[in-house]
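# Here is my input, please return the structure:
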Amino acid sequence: MDMEIVFPGGKRVDALYGDFTIRTDQCVRGGGEGSAPEPFDMFFASLGTCAGIYVLSFCQHHDLPTEGITLHQNAEWDTETRMFQKLKIDIRVPASFPQKYHKALVRSAEQCTVKKHIAKGLPEFEVTISNSEVI
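Predicted structure coming up:
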């Protein structure tokens, strides 16, 4: 899983991944243009969308309608460390969604691969430097 990180200008930092360009920027207050989500926003979104794909897949597998289903995610922050301590995801279903699937829907969201990686413990990080000149 290789990505190339590039600096297209201003405070923008993009990740080139396969045929995709994942754009980020800083907010205006942080010196950016606010033209794209900040990197941490992308991390936060990856948790919610990961849980969402598991919810969607569960519904599709059981031929359940997904219309009206949303996930609402928020975090409780530690004001001193400025890190989130608890992430909450509320799966909101219409009243017509079968009650017998509620617990299974929660269990499906809990299978999120991003969450599992974080819950298991952070991976080891290694940052190196090399010469970018082509020889």
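
# This protein: helices as residue ranges?
Here the chain has its helices, by DSSP state H, at 39-61, 102-109, 113-120.

# any idea how far the longest one is from the chain center?
When C-alpha coordinates are averaged (C-alpha atoms, centre = their mean, to the nearest Å), helix 39-61 and its chain have centres 7 Å apart.

# Contacts for it next, please.
Residues outside helix 39-61 that contact it (C-beta atoms under 8 Å, 6 or more residues apart in numbering) are 13, 22, 24, 37, 64-66, 69, 71, 73, 75, 87, 89, 91, 101, 104-105, 108-115, 118. The way it works is simple: take the backbone N, C-alpha and C, and place the C-beta from them, glycine included.

# next one: the second one
Surrounding helix 102-109, the residues in contact under the criterion C-beta under 8 Å, 6+ apart are 51-52, 54-55, 57-59, 71, 89, 91, 93.

# chain center to it: distance?
19 Å.
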